[in-house]
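Trainee: Have a look at this prediction, sequence included:
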Amino acid sequence: MEPTLVDGQGLITFLAGRPAVGQIRCFEHPTRPGFWLVKRVEVLNDDGTMSVMSDNRASTLADSRTFGPVPIAGSYRVVIRMPQSRS
C-alpha cells in the first residue's frame, strides 16, 4: 500500500458495515487463511463483495486482479495509521 502505508506501520481498525469506494480495508486473503491484506476499495458489488486494489499496482498483484472480489463481511475499516516505529 505504499506510498499511503509503509512497511512496519501500525493500523487501528474496526469491524465496519458497508465500505465506501476509496476506503482502506483489512481482510483475510481469500486463499491463504490467517494472512491479512490491506487494500483500497475500488468497486462495491451488489452480491456483498468488493473489488480491492493495491495503491502501488506496479509492485504487487495481490489484489482483485489476481483473486477476484472479496467478501465485505469480515473486513475491517482502517481508521488510524500509526507512525512507523523506529529502532
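Mentor: Received the coordinates, thanks. Numbering: from 1, shown residues only.

Trainee: which residues in the chain form strands?
Mentor: For the chain, applying DSSP state E gives strands covering 11-15, 24-28, 36-44, 49-53, 70-71, 76-81.

Trainee: for the third one, which positions count as buried?
Mentor: Of the residues in strand 36-44, those scored as buried under the neighbour-count criterion (16 or more other CB atoms under 10 Å) are 37-41, 44. For the C-beta atoms, the positions are set from N, CA and C on the backbone; glycine is no exception.

Trainee: Excluding covalently adjacent residues, which one is nearest to Arg77?
Mentor: If you skip the residues right next to it in sequence, Arg77 has Ala16 as its closest partner in space, 3.9 Å away by CB to CB, 6 or more residues apart in numbering.

Trainee: what's near enough to touch that neighbour?
Mentor: Under the criterion of CB atoms under 8 Å, 6 or more residues apart in numbering, the neighbours of Ala16 are 75-77.

Trainee: Nearest to Cys26 among the residues you listed?
Mentor: Closest to Cys26 out of the contacts of Ala16 is Tyr76 (4.3 Å), distances taken as CB to CB.

Trainee: hey, what's that closest one bridged with?
Mentor: In this structure, Tyr76 bridges to Leu15, Cys26 when assessed by DSSP bridges.

Trainee: Burial check on it, number of neighbours?
Mentor: For Tyr76, the neighbour count with other CB atoms under 10 Å is 19.
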